[in-house]
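# Sequence plus predicted model, see below.
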Amino acid sequence: MKNIRETLSNLIISHWNINGIAGKCSELKQYVQDRRLHIMMLNETKLNSERNIKITNFKCIRKDRNERGTSGGVMIYVREGIRCHEVPLDTKIIEAVAIKLENNLVIVSAYKAPGNKLDSRDLNLIFQTGSKVFMYGDFNVKSTAWNCRFTNTRNSTIFDFAENYLCEIHYPDNFTSYPYNSTFPSTVDTDISKNIVCDITVDAINEFDSDHLPVILSMSISTAKLEMEIRTFPNYKKANWGLFRKLINKNLTLSRSIKTQADLDRSVNDLVSVIHNAMEKSIPRNSC
């Protein structure tokens, strides 16, 4: 295994109210890989602590609702190599899980059930976790400002908070929610961001047979670039073994007399160096 470092100038994030992850594992894993995501945020996972859903080359931070997976639950998948740590949150109404990247950007996956009133105290708690905060979620807040047919009363809390704390609200141009029991689609998935000076594009993706569409966000982070470690592995199936043998025979010297421990150490180091150099030139590497 070999680590290399790549500077990310464009962070690809997706958010999806998955409305139960257990029956959509295959779709989710394929979606994450096909879209080459860096971060996947989920709402309404409906999991309990007894069930783990793994995605290859991703680490998972999650918070399940206490009602044994009957509803709710939030989760963030982060591509391996992106350095981050979980930020503890103790919110009351908003279900939320958060991570902080090495460039100090806090990313939050959040969900508010439709029967609950949005609490500004939860918003204050979340946005006090860092100087740069990006939160995306399904808040079940409707507004004509983001293409809904009407504005509900829960909307004012988000607008008031965004205005008081100089936050921005982003949303896709197309709808994100197509309720099974209603003929009227709406947009209930939005983001709230603070002190993020960059271009953010948001698009809802009509890809799954679901009442909620996943949303993809492209975040240009050129003002606060993020380094990512990428693990690579030799692809022995595509190795040029003829070239490998030729390089070994050309560069390996066996005439040295080994009389002391120091002679042995030098010979071993020379052998390892010759093998590594031959591998670099004859065996391609794949990243995970």
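The structure has been received and is ready for your questions. Numbers count the residues shown, from 1 in each chain.
# from here on, contacts and neighbour counts on C-alpha atoms
Fine.
# partner residues bridging the residue nearest to the spatial centre of the chain?
Nearest to the mean C-alpha position of the chain, counting by Cα atoms, centre = their mean, stands residue 39 at 1.1 Å. Listed beta-bridge partners, residue 39: residue 13, residue 78 (assigned using DSSP bridges).
# That one touches residue 13, doesn't it?
Yes. Using Cα atoms under 8 Å, residue 39 is in contact with residue 13, at 4.8 Å.
# How about the helix of greatest length in the chain, which residues are buried there?
Identified as the longest helix of the chain according to DSSP state H is helix 261-282. Within helix 261-282, the residues that qualify as buried are 267, 271, 274, 275, 278, 279, 282, counting by 16 or more other Cα atoms under 10 Å.
# Tell me which residues touch the fifth one, please.
The one in question is residue 278. By Cα atoms under 8 Å, 6 or more residues apart in numbering, residue 278 lies in contact with 243, 244, 247, 248.
# For the last one, grab phi and psi.
Dihedral angles phi and psi of residue 248 (degrees, to the nearest 10) take the values phi -60, psi -50.
# same check, this time on the third one
When read as degrees, to the nearest 10, the backbone of residue 247 gives phi -70, psi -40.
# Once you drop chain neighbours, what's closest to it?
The shortest distance from residue 247 to any non-neighbouring residue, by Cα to Cα, 6 or more residues apart in numbering, is to residue 278 (5.7 Å).
# Next one: that neighbour from residue 285, what distance?
If you measure residue 278 against residue 285 using Cα to Cα, to the nearest Å, the figure is 13 Å.
# cool, and residue 135?
Taken as Cα to Cα, the span from residue 135 to residue 285 is 36 Å.
# Which one's more surrounded, those two?
residue 135 (22 against 18; other Cα atoms under 10 Å).
# Find the residue closest to the more buried one in space, skipping its chain neighbours.
residue 108 (4.4 Å).
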